[in-house]
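Enquirer: Pasted the sequence and its predicted model underneath.
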Amino acid sequence: MKTFKKMAAQGDLLIVKIDKLPDGLKAVKAEDGLFVVAHSETGHNHVIDATKTKAFELKKPDIYQMFLQVDEPTPINHLRSFDTHEPILVGPGIYRIARQREYTPEGYRRAAD
Amino acid sequence: MINSLTQEQIDSFPAYVEKWLTIGLSTEPLDFERAKAAVIKCYEIAELPPPKYFYRFESPYSAAMAATLLKSTGAQVWDQVWAQVWDQVGAQVRAQVGAQVWAQVWDQVRAQVGAQVRAQVGAQVYGAHDSEWLAFYDFMLSELKIKECKKLNGLMELARYCGWWAPYENAVILQDRPSKIKFDDQKRLHSEDGPSIEYRDGFSVYSWHGTRIPEAWIKSPNELTPEIALTHENVEQRRAACEILGWETILNKLNAITIDRDEDPLVGELVEVDIPEIGREKFLRVTCGTGRKFALPVPPEMKTALQSNAWTYGLDGCEYNPEIRT
């Protein structure tokens, strides 16, 4: 399985290794034993096993980023049966997950995968 | 006279926002008997004799046609109901700590229920879609015990039990709520595979990230061509059409000028195009990890493909260096 040291992209999300978790976070609840690291409007979520990781989001709502604490190597999987983005193995550490955005005349909005 | 709120009262704002958002976005069927009782309460408060006839309709479309017929048989009495609740309740309540509650509770419920759902459908008495201002008065009544607000009980009950409604001298039109309301993750009406608002008789609204669009663009996507997308008269809808088709398809029809092409196809190419009547815009054309090509709009100040790619993730070009892309 593909893995990385500092930065990797899976579809419309970017996984960036960081030194420590920022302040002002709250824990994200697991859904069926998984953390959804990127919700997809069409239901093709990107997910990670919640038993080996902890997920956090900013208390001030921000749809463009979330944070992961990974305890042992765990893959991020893309739940789509076609045009599937390959799983990426994430090593132990702290990560920021950024969602891709696109420009609009009013500012920007989340790019749909 | 109440001039300030306790911390406890301020902390209860989110609960009111939540409660009235749930009412405003409800897709439950009309509760005819309870709605009838609530209407009678409203007529009593307005010192009007109770209406004799109650008509039920499944969407604003059928109700609007019925309303046209009813207008010829009896006067609309909304003004009287309104005069009682708004003028009497309103003046006294708004003079209190209105502004603070208004901003927190009304604005938040309105952004989603009023500006989105109601504005897309039309104009009558809104019932459930009145939840923005009812939320404000519910707070005034429940938390601040301002008793004038009791006059709104009938309207608050109506909001819970029916969609829009229209009062006449002898008759009342009660309307079902939508059976389906769909949003994108920024709470704008949006659905890629069907109506964003659907009523039980089939009356529907189609939306793309908050912009109302023709039904055909979603129902018969094959009929939407780049030519239609680029010449559609409404510019906001034109943009939505381009997004539905995908910018990559649109760019292939236009003479895109390359500004910068990165050696790495996964970083891609920055191009500029002149879109009829929208103007010059920049796009990042990339191949994603699955081999599909697509194009993302990027801000006009972008100079390289790498910088544009980094921008899509909120980073500077120098910070952006993924080792793998899948």
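Expert: Sure, I can see it.

Enquirer: how about low-confidence regions in the stretch 101-250 of chain B?
Expert: Within the stretch 101-250 of chain B, the segments meeting pLDDT under 70 span B:101-132.

Enquirer: How about chain A?
Expert: Within chain A, the ranges that satisfy pLDDT under 70 run A:41-43, A:112-113.

Enquirer: how about the CA coordinates for stretch B:229-239, as PDB?
Expert: What follows is stretch B:229-239, C-alpha atoms only, in PDB (Å, rounded to 0.1, in the frame of the first residue of the first chain):
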ATOM      1  CA  ALA B 229     -24.500  26.100 -20.500                       C
ATOM      2  CA  LEU B 230     -22.500  29.000 -22.100                       C
ATOM      3  CA  THR B 231     -25.400  31.000 -23.500                       C
ATOM      4  CA  HIS B 232     -28.100  30.500 -20.900                       C
ATOM      5  CA  GLU B 233     -29.500  33.900 -20.100                       C
ATOM      6  CA  ASN B 234     -29.200  34.000 -16.400                       C
ATOM      7  CA  VAL B 235     -25.500  34.300 -15.500                       C
ATOM      8  CA  GLU B 236     -25.800  32.600 -12.100                       C
ATOM      9  CA  GLN B 237     -27.600  29.700 -13.700                       C
ATOM     10  CA  ARG B 238     -25.000  29.700 -16.500                       C
ATOM     11  CA  ARG B 239     -22.300  29.100 -13.900                       C
END
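
Enquirer: Quick one: residues contacting whichever residue of the stretch 201-326 of chain B sits closest to chain A.
Expert: Per C-beta to the nearest C-beta, B:Thr326 is where the stretch 201-326 of chain B lies closest to chain A, at 3.7 Å. In short, each C-beta sits where N, CA and C put it, glycine included. Counting by C-beta atoms under 8 Å, 6 or more residues apart in numbering or on different chains, B:Thr326 makes contact with A:Lys2, A:Ala8, A:Ala9, A:Gln10, A:Gly11, A:His85, A:Glu86, A:Pro87, A:Ile88, B:Gly289, B:Thr290.

Enquirer: Surely the third one touches B:Asn309?
Expert: No - A:Ala9 sits out of contact with B:Asn309 when judged by C-beta atoms under 8 Å, with a separation of 9.1 Å.

Enquirer: Phi first, then psi, for A:Glu31.
Expert: The phi and psi values for A:Glu31, taken as degrees, to the nearest 10, are phi -120, psi 120.

Enquirer: looking at the sheet around it, what are its partners?
Expert: A:Leu34 (DSSP bridges).

Enquirer: Please report how far it lies from B:Ser12.
Expert: Distance, A:Glu31 to B:Ser12, using C-beta to C-beta, to the nearest Å: 29 Å.

Enquirer: and if you look at B:Lys145?
Expert: Distance of B:Lys145 to B:Ser12, computed by C-beta to C-beta: 13 Å.

Enquirer: Specify which residue of these two has the higher count of neighbours.
Expert: Neighbour count, other C-beta atoms under 10 Å in any protein chain shown: between B:Lys145 and B:Ser12, B:Ser12 has more, with 16 against 9.

Enquirer: mind listing what the more buried one touches?
Expert: B:Phe139, B:Glu143 are the contacts of B:Ser12 under C-beta under 8 Å, 6+ apart.

Enquirer: circling back to that earlier point, in ChimeraX, select just the buried ones from the contacts of B:Thr326.
Expert: In ChimeraX, this line selects whichever of these come out buried by 16 or more other C-beta atoms under 10 Å in any protein chain shown:
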select /A:8,9,10,11,85,86,87,88 /B:289
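
Enquirer: Need the contacts of B:Thr326 in a markdown table (columns: secondary structure and distance to B:Asn234).
Expert: Below are these laid out as a markdown table (DSSP: H, G, I helix; E, B strand; the rest coil; distance: C-beta to C-beta, whole Å):
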| residue | secondary structure | distance to B:Asn234 |
| --- | --- | --- |
| A:Lys2 | strand | 44 |
| A:Ala8 | strand | 41 |
| A:Ala9 | strand | 35 |
| A:Gln10 | strand | 36 |
| A:Gly11 | coil | 31 |
| A:His85 | coil | 35 |
| A:Glu86 | coil | 40 |
| A:Pro87 | coil | 42 |
| A:Ile88 | strand | 41 |
| B:Gly289 | coil | 35 |
| B:Thr290 | coil | 33 |
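
Enquirer: now, the most widely separated pair of the contacts of B:Thr326?
Expert: Pairwise distances among the contacts of B:Thr326 were taken by C-beta to C-beta; the largest, 14.9 Å, belongs to A:Ala8 and B:Thr290.

Enquirer: Close to chain B: what parts of chain A are there?
Expert: Within chain A, the residues that sit near chain B (C-beta under 8 Å from any C-beta of the partner chain) are A:2-11, A:14, A:39, A:41-42, A:63-65, A:83-88, A:98-104, A:108-111.

Enquirer: Quick one, which of the residues you listed are buried?
Expert: Among the residues of chain A next to chain B, those buried by neighbour count (16+ other C-beta under 10 Å) are A:4, A:7-11, A:14, A:41, A:65, A:85-88, A:98-103, A:108-111.

Enquirer: Give me the distance from stretch A:8-25 to the chain's centre.
Expert: The chain centroid and the centroid of stretch A:8-25 are separated by 7 Å, computed with C-alpha atoms, centre = their mean, to the nearest Å.

Enquirer: Tell me the first helix or strand C-terminal of the host helix or strand of B:Tyr16.
Expert: Assigned by DSSP states H and E, B:Tyr16 falls within helix B:13-24. Proceeding N to C from helix B:13-24, the next assigned helix or strand is helix B:32-45, under DSSP H and E.

Enquirer: which helices and strands sit right next to that following helix?
Expert: Applying 3 or more C-beta pairs under 8 Å, 6 or more residues apart in numbering or on different chains; DSSP states H and E, we find helix B:32-45 packed against strand B:53-57, helix B:78-82, helix B:153-161, strand B:165-167, strand B:171-175.

Enquirer: Now the helix or strand hosting B:Ile218: buried residues?
Expert: Here B:Ile218 sits within helix B:215-219, counting by DSSP H and E. For helix B:215-219, the neighbour count (16+ other C-beta under 10 Å) marks B:Trp217, B:Ile218 as buried.

Enquirer: helices or strands up against the following helix or strand past that helix?
Expert: Using DSSP H and E, the helix or strand that directly follows helix B:215-219 along the chain is helix B:226-231. Applying 3+ C-beta pairs under 8 Å, 6+ apart, we find helix B:226-231 packed against helix B:235-245, helix B:247-253.

Enquirer: and whichever helix or strand comes after the shortest one with chain A, contact?
Expert: Pointing back at helix B:247-253 there. Sequence order places strand B:257-261 as the next helix or strand after helix B:247-253, per DSSP H and E. No - judged by C-beta under 8 Å from any C-beta, strand B:257-261 stays clear of chain A, getting no closer than 14.5 Å.
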